[in-house]
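Colleague: Okay, here's the prediction I keep looking at, along with the sequence it came from:
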Amino acid sequence: NTLESNKEDDGKGLSESLWNDDRYIQLWEYQGSFDNSLNPVHPAMEANRSTWQLWASWSYYATSSMYTAALGPTQTRTKVFGTYDPPEWTDITVDTNGVRRIVYLQNYYNGGNTWGYLNVWQSGGQNANVEHLGDDTAAAPAYSDGMDEQLYQFQNPRIAYDPVNNRNYVSYYDAYSLTLKYAITQGNTQTFVADVGHRIDGAIVVDGIEDTTAPPTTTGADVGLWSSIAVDSYGGTDATTVRPVIMYYDTTNSTLKIARGNSSQPNGTAEWTISNVFKDDDPNRTDVGYYVTMKMDSSGNIHAVAYRISTGDLIYLYAPNVDGTGSYTFNYSEIVDSNGAVGSWCDIDLVGTTPYISYLTAGGIGTFQGLKFAYKTGGNWEYGVVATNSIVKDGRTSVVARPTSAAWVNATQGKVAIAYVSGNFDLVILEDEK
């Protein structure tokens, strides 16, 4: 420790500084790919948090199909759906019994009046249609029935599981009416969806105005392009009367909003309590909301991250629990990382109240240094580039963190797993500190 390179000045001068030359490095172990996940589009990953088996979903344009697979050399992919045009926008959730639920868009038009649906698939062969892309010809659309005959209409869907009632909640963006919508399904049952009785009445609209005209009107705000959904079943009245909670981007006002259901099955915008996420004097209140992702901890507190498009910063947000009806009050936002343009395709997971975040750095896309990882410790953010064994492409990342380090099913021991888009949907695991 006599070398100058080992001396650190804590601000008191070298004669009085507490010298500490200990350094830690993160070691990430490459775990290969989900089976035959070549050129994945809109991938997502989640874990069975009882067995810690990792599962993924993705679309593959070359076969016009959507697949799911568990991680491991003997785990082969399963085709969920396939027809041309290729499926779009997958999201996956897995319960502790290993039941997988995937929301995705059957983005096809096969001529005549044959169109696809936004659909929720459940392992075991169950599925429920949420909203229909159309029922007339593309050349002669009829908007008044609430079906607009447009491909790519229902975008960026996200899914959350309600373990109290064994139901699925979905949030999604309607690119025709520029609205945020939601749905409830259960296995094959279309519990509360646009496709059954609610195509034009606005019941499934969370924010915005349902549009049944041509061309679409501009009377409402453009809301919901990016959203994240959770189910509040934590404590108090919410333990029995669960409430959907959706954080989403308001494109018109360039900011984040949050909607909390006034019941388990809100009917129309009036039955949601909608509020702004940022305080009026928060310096990061504008241009934040792309790629928003949100998790609730076991007390119902909200932790979320999103990308700020004006500055290229990764932003973290926190709000304490709300019981019953009411609106959230968020703390001032925190900048997690501002080193370049960072934060696209961010994802968040929690261990207790500690957030773990995966995201991309624009300057590293197309190299082995495009993936980053952050977590909070002692009130401070630690972040850095994740060592990968493959090129990081511009696509969604997924992070899963577990309470204690242990071996994952068909993978090495570690506490954090991150999936990212390369030539396949690849996975790395953070090794234990040694």
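Modeller: Received, thanks. Residues are numbered from 1 along each chain as shown.

Colleague: count of residues packed around the residue nearest to residue 425 when sequence neighbours are not counted?
Modeller: Of all residues not flanking residue 425 in the chain, residue 37 sits nearest, at 4.0 Å (Cβ to Cβ, 6 or more residues apart in numbering). Heads up, the C-betas are built off the backbone N, CA and C, glycines and all. Counted by other Cβ atoms under 10 Å, the residues lying close to residue 37 total 23.

Colleague: Pretty sure residue 37 sits against residue 69.
Modeller: Yes: using Cβ atoms under 8 Å, residue 37 makes contact with residue 69 at a distance of 6.9 Å.

Colleague: what is in contact with the two at once?
Modeller: 56, 77 (Cβ atoms under 8 Å, 6 or more residues apart in numbering).

Colleague: Can you give me every residue that contacts the residue nearest to residue 425?
Modeller: Contacts of residue 37 by Cβ under 8 Å, 6+ apart are 43, 56, 58, 60, 67, 69, 77, 424-425.

Colleague: Quick check: phi and psi at residue 362.
Modeller: phi -60, psi -40 (degrees, to the nearest 10).

Colleague: ok so, going back, can you tell me the helix or strand for the residue nearest to residue 425?
Modeller: Residue 37 belongs to no helix or strand when assigned by DSSP states H and E.

Colleague: Show me the residue sitting in the middle of the chain in space.
Modeller: Central residue of the chain (Cα atoms, centre = their mean): residue 293, 4.7 Å from the mean position.

Colleague: what are the pairing partners of the helix or strand where that one lies, and which direction each?
Modeller: In the assignment (DSSP H and E), residue 293 maps to strand 288-296. Strand pairing for strand 288-296, using DSSP bridges, gives strand 302-308 (antiparallel).

Colleague: So which bits of the strand it pairs with are buried?
Modeller: 302-308 (16 or more other Cβ atoms under 10 Å).

Colleague: Mind listing residues that contact stretch 351-358?
Modeller: Applying Cβ under 8 Å, 6+ apart, the set of residues contacting stretch 351-358 is 295, 297-299, 301, 303, 305, 314, 316, 336, 346-350, 371-377, 383, 386, 397-399, 401-403, 415-416, 418, 420.

Colleague: Does anything pack onto whichever strand or helix holds residue 373? Which helices or strands?
Modeller: Assigned by DSSP H and E, residue 373 belongs to strand 371-377. If you count contacts as 3 or more Cβ pairs under 8 Å, 6 or more residues apart in numbering; DSSP states H and E, strand 371-377 packs onto strand 334-337, strand 354-361, strand 380-385, strand 413-421.

Colleague: run the last query once more with 10 Å
Modeller: Strand 371-377 sits against strand 313-319, strand 334-337, strand 342-351, strand 354-361, strand 380-385, strand 398-407, strand 413-421, strand 425-430, with contacts defined as 3 or more Cβ pairs under 10 Å, 6 or more residues apart in numbering; DSSP states H and E.

Colleague: Quick check: which ranges of this protein have low pLDDT?
Modeller: 1-24, 217-218, 434 (pLDDT under 70).

Colleague: where's the closest residue to residue 233 other than its chain neighbours relative to residue 164, distance?
Modeller: Nearest in space to residue 233, with sequence neighbours left out and distances taken as Cβ to Cβ, 6+ apart, is residue 242 at 4.3 Å. For residue 242, the distance to residue 164 equals 5 Å [Cβ to Cβ, to the nearest Å].
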